[in-house]
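*Asks:* pasting the sequence and the predicted coordinates here, then a few questions.
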Amino acid sequence: MVQLTPPGAIKVSVLHGPNLNLLGVRDPDHYGKDDFDQVNKRIKEYAKSIGVEVRIFQSNSEGAIIDAIQEARTWAEAIVINPGAYTHYSYAIRDALADSRLPVIEVHVSNVYAREEFRRNSVIAPICTGQIAGFGTRSYLLAIEAVKGLVEESHR
Ligand code: DQA
């Protein structure tokens, strides 16, 4: 059955950073077995089912992610981003997210706090509304649910 996004759906930009195109192939112990296309399909279906319209973008390069963040300012009401390894050191992505003035949820598939020391620090988290980590690819769905609540509250 074709599920139509209802008019007035909340618009969310979902951004995947470097190496996340290899979900399902890379390190399945940390990132699970679902491949990138399956994950995006689940995100889209779940979002639609709760009245959220998502546009999904992935890049391995910092500049392209920054361009996508700047573009999101023109149409999105929130950003869900898994910055991959850029989480730990990209001040440029942090600045772009802060300058977007949109609510931002940082997502991680793995529990970054249970891994190597360098993964425990996020330069992105301080400018985010919140962070969801460690629920496997379900982390994205939890983030979509969270932004829906946030945006709805901001409309009240
Ligand atoms: C990740 C965690 C990062 O430390 C890592 O570099 C990734 C994926 C995650 O989703 O768990 O690429 O963001």
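*Replies:* Cool, got the structure. Numbers count the residues shown, from 1 in each chain.
*Asks:* and the pLDDT at the residue lying closest to F118 once chain neighbours are set aside?
*Replies:* Once flanking residues are discounted, F118 sits nearest to H88: 5.7 Å by C-beta to C-beta, 6 or more residues apart in numbering. Every residue, glycine included, has its C-beta placed from N, CA and C. pLDDT recorded at H88 is 98.
*Asks:* separation between H88 and the ligand?
*Replies:* For H88, the distance to the ligand equals 6 Å [C-beta to the nearest ligand atom, to the nearest Å].
*Asks:* what ranges do the strands span in this structure?
*Replies:* In the chain, the segments counted as strands under DSSP state E are 10-16, 52-58, 78-82, 104-108, 130-133.
*Asks:* please compute how far the first one lies from its chain's middle.
*Replies:* Strand 10-16 has its C-alpha centroid displaced from the chain centroid by 7 Å (C-alpha atoms, centre = their mean, to the nearest Å).
*Asks:* the bottom helix or strand of the protein by mean pLDDT?
*Replies:* The helix or strand of the chain with the poorest confidence is helix 28-31; it has a mean of 91 (mean pLDDT, DSSP states H and E).
*Asks:* would the longest helix along the chain count as contacting the ligand?
*Replies:* The residue-count maximum for a helix in the chain (DSSP state H) belongs to helix 138-155. No - using C-beta under 6 Å from any ligand atom, helix 138-155 stays clear of the ligand, coming no nearer than 7.3 Å.
*Asks:* that helix packs against which elements?
*Replies:* strand 10-16, helix 36-49, strand 52-58, strand 78-82, strand 104-108, strand 130-133 (3 or more C-beta pairs under 8 Å, 6 or more residues apart in numbering; DSSP states H and E).
*Asks:* the residue nearest to F118 - how many residues pack around it?
*Replies:* H88 has 16 neighbours, counted by other C-beta atoms under 10 Å.
*Asks:* ok, it - contacts?
*Replies:* Contact analysis of H88 by C-beta atoms under 8 Å, 6 or more residues apart in numbering lists F118, R119, N121, S122, V123.
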